[in-house]
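# Based on what follows, work out the 3D shape:
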Amino acid sequence: MELVSINKKDSKDLIYKSNSLVNSKYNITVVQARFIAFISSFINAYDTDFFTYKINTSIVLEFLKVKRTNIKWLSNTLKQLQSTLICLQNDEIAEEYTTFLSHFRLDKKNDVLEFSFHSSIKDCYIQLKNNFTKLKLENYIEFESIYTIRFYEWLEYNINIFNIYNNQKYSTIEIELDKLVEKFASSYNHKKKKFEIPTSYLTYNRFKTKVLEVAKKELKEKSDIYFEYEEIKVNRAVKILKIDILKNADRIKKDFKDEKKKALELSKGYKEIIKEQIKRIMARAKNIKDPLKYEQKLSQKSRTGDLKFDKDLQEIINKFDKETFKNL
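As a prediction, the model looks like this:
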């Protein structure tokens, strides 16, 4: 393969992966997943073949947030990607296994790292016309759990299908628990030469605690999409999970609106403006049969945000809003 020198500026914000790779089975660490994402960001989707890339080691260390004193450990970790099996297909039709890297070389003297993807996954990265998923590089460095990374890719895959077909079923997924556990928790058993679910994850509560809840919490905190799930039981045992894919922007907007409302309600000046507006409305109103009841009605409107303010008071409210926004 042709040797191509790359630099940090050549990295792209978006990664394009085939859906088959997103849905494949493999068992890697967070650091390995970050490395794969980083080097994937240098691939040009319009290339006709893979290259062997050469990059300054310090750039890789910086992205992976690994100290130079740990470079020996990192080298051993990344070399494992040459033998880490990816199961692209294993069904009645065919079995297909491959690896991520075909070449890895750490030049310690010149502080350079060389690597190349395995040629068998070329169709998973280049000349992609359809059936691919678009992923954000920045998320890979933010997520601390490999399960969060795998869930992020899977959610993006499903939401992409939803956007293409505008079909609600793709934003809500019903999946058998066994299949979900196999997708995210299975690892390759070299003695038996097949992917298996570790005994510890065969217990639903452990899978829920160590995988589901970890991914759900981290995605909700750090990503623009996350998920909620509902347990569907058969004979009192969880057998199916109903997973709803949600956009974090909507939650953030709602949380901000609630926080802003709470902050304004606690503001002494804001309370005084409400009192003044209610006083003005009461003074302008004619033939009020029950002034106390009418005043209570206006107070309720202020709590729900439906109270209309006079122009001069609204200008003060707007200033409060800006100040509150800065503080939040």
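
# Can you get me a residue count around Leu155?
22 (other C-beta atoms under 10 Å). Where you see a C-beta, it was placed from the backbone N, CA and C, and this is true even at glycine.

# check contacts around it.
Neighbouring residues of Leu155 by C-beta atoms under 8 Å, 6 or more residues apart in numbering: Leu219, Ile225, Tyr226, Phe227, Ile245.

# so the last one makes contact with Asn158?
Yes. With contacts counted by C-beta atoms under 8 Å, Ile245 reaches Asn158, the gap being 6.0 Å.

# These two: which has the busier surroundings?
The neighbour comparison of Ile245 against Asn158 (other C-beta under 10 Å) goes to Asn158, with 22 against 19.

# Assumed that one was part of a helix.
Yes. The assignment for Asn158 (DSSP: H, G, I helix; E, B strand; the rest coil) places it in a helix.

# how much space is there between Lys311 and Lys286?
Taking C-beta to C-beta, to the nearest Å as the measure, Lys311 falls 22 Å from Lys286.

# Let me fix that, I meant to ask about Leu106.
In terms of C-beta to C-beta, Leu106 sits 86 Å off from Lys286.

# of those two, who's got more company?
Using other C-beta under 10 Å, the more surrounded residue of Leu106 and Lys286 is Leu106, with 17 against 4.

# any idea how far that one lies from Lys67?
Distance of Leu106 to Lys67, computed by C-beta to C-beta: 16 Å.

# try Tyr26
27 Å.

# Kindly state the beta-bridge partners for Ser18.
Phe132 (DSSP bridges).

# What is the burial count for the nearest residue to Asn189 once chain neighbours are set aside?
Spatially, and ignoring its direct neighbours in sequence, Asn189 is nearest to Glu196 (4.8 Å; C-beta to C-beta, 6 or more residues apart in numbering). Glu196 is flanked by 12 other residues according to other C-beta under 10 Å.

# Ser186 is in contact with Glu196, correct?
Yes. Between Glu196 and Ser186 there is a contact at 6.2 Å, judged by C-beta under 8 Å.

# for the residue of the chain positioned farthest from its centre, helix, strand, or coil?
Farthest-out residue of the chain from its mean C-alpha position, per C-alpha atoms, centre = their mean: Asn287, at 58.4 Å. Reduced to three states with three-state DSSP, the structure at Asn287 is coil.

# For it, give me phi and psi.
Asn287 has phi and psi values of phi 50, psi 50 when expressed as degrees, to the nearest 10.

# got a list of what it touches?
Residues counted as contacts of Asn287 (C-beta under 8 Å, 6+ apart): none.

# Make residue 1 into 338 and carry on from there
With the count now opening at 338, the last piece we talked about shows up as Asn624.

# Tyr615 is in what secondary structure piece?
Just so we're on the same page, residue 615 is Ile rather than Tyr. Element membership of Ile615 [criterion: DSSP states H and E] is helix 605-621.

# Do me a favour and average the pLDDT over that helix.
Averaging pLDDT along helix 605-621 gives 86.

# What are the buried residues along that helix?
Tyr607, Ile610, Ile611, Gln614, Ile615, Ile618 (16 or more other C-beta atoms under 10 Å).

# Can I get the helix or strand following that helix in CSV? Just the C-alpha atoms.
Later in the chain than helix 605-621, the nearest helix or strand by DSSP H and E is helix 628-641. The C-alpha coordinates for helix 628-641 follow below in CSV (Å, rounded to 0.1, in the frame of the first residue of the first chain):
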residue,chain,number,x,y,z
PRO,A,628,-61.6,41.0,43.4
LEU,A,629,-59.8,38.3,45.5
LYS,A,630,-60.7,35.5,43.1
TYR,A,631,-59.7,37.7,40.2
GLU,A,632,-56.3,38.4,41.8
GLN,A,633,-55.8,34.7,42.5
LYS,A,634,-56.5,34.0,38.8
LEU,A,635,-53.9,36.5,37.7
SER,A,636,-51.4,35.0,40.2
GLN,A,637,-52.0,31.6,38.7
LYS,A,638,-51.4,33.0,35.2
SER,A,639,-48.0,34.3,36.4
ARG,A,640,-47.0,30.8,37.6
THR,A,641,-47.9,29.2,34.2
